[in-house]
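Student: the sequence isn't on hand, but the structure is:
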């Protein structure tokens, strides 16, 4: 097909004309000959084009089919895009989306509040269980454990650093802590009084290392002193 795109030199078609003179005008016979040979040349080109298309019929058919599919898909995409734009530009959808977002935000806020309340309840229950454990430790004579728990609970309950905006239950837990604190204080005083005695007759100070107070037997003086720290 390359020869179809070559430049046609008109003077090459005039075999009878003097080609050495580039400025010589064309005569009537020359023009008739030129028209005849141009028509012949055109028919040759047309024949070659038809032959080329016939020999590449399958390729052209595939190309036309591909173009047709491309146009069809373009139409479908255009239709879909128009539908989407119409949906987006439809004002009520904005309101529905806003309502959904507001509802989701409200649900998330509610879930967050419930989670915080659940964590607060867990903390309160844990502190209550620990205070209960302190009382049991005092009944069992585990003075050092009871004293250490009371020190930790004092930090957790912020005893002496109350906040008016905190839940009321914290005030009740602090009162319970104070009760436990007073109980261990009284018990430690009894142990100390039992451990150290002064004999007037001999002017001696007697120190007992194994103590018994309120039914608690075999409590070491060292344990009492460690609990008092």
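Tutor: Cool, the structure landed. Keep in mind the model is a prediction, meaning the values are calculated, not measured. Residues are numbered from 1 along each chain as shown.

Student: number of residues surrounding residue 139?
Tutor: By other C-beta atoms under 10 Å, the residues close to residue 139 number 14. (Glycine included, C-beta is placed from N, CA and C.)

Student: figure out the helix or strand that it lives in.
Tutor: In the assignment (DSSP states H and E), residue 139 maps to helix 91-140.

Student: name the helices or strands packed onto that helix?
Tutor: Packed against helix 91-140 by the contact rule (3 or more C-beta pairs under 8 Å, 6 or more residues apart in numbering; DSSP states H and E) you find helix 143-156, helix 168-195.

Student: quick one, it and helix 168-195 angle?
Tutor: Helix 91-140 runs at 10 degrees relative to helix 168-195, counting by axes from the mean of the first three to the mean of the last three C-alpha atoms, to 10 degrees.

Student: report the rounded mean pLDDT for helix 91-140.
Tutor: Average pLDDT, helix 91-140: 81.

Student: now stretch 147-167
Tutor: Average pLDDT, stretch 147-167: 82.

Student: now that stretch: buried residues?
Tutor: 147-150, 153, 157 (16 or more other C-beta atoms under 10 Å).

Student: contacts for stretch 134-145 next, please.
Tutor: 146, 149-150, 153, 180, 183-184, 187-188, 191, 216-219, 223-224, 226-227 (C-beta atoms under 8 Å, 6 or more residues apart in numbering).

Student: which of the helices or strands spans residue 211?
Tutor: Assigned by DSSP H and E, residue 211 falls in strand 210-213.

Student: buried ones in the next helix or strand after that strand?
Tutor: Per DSSP H and E, the first helix or strand lying C-terminal to strand 210-213 is strand 216-220. Buried residues in strand 216-220, counting neighbours by 16+ other C-beta under 10 Å, are found at 216, 219.
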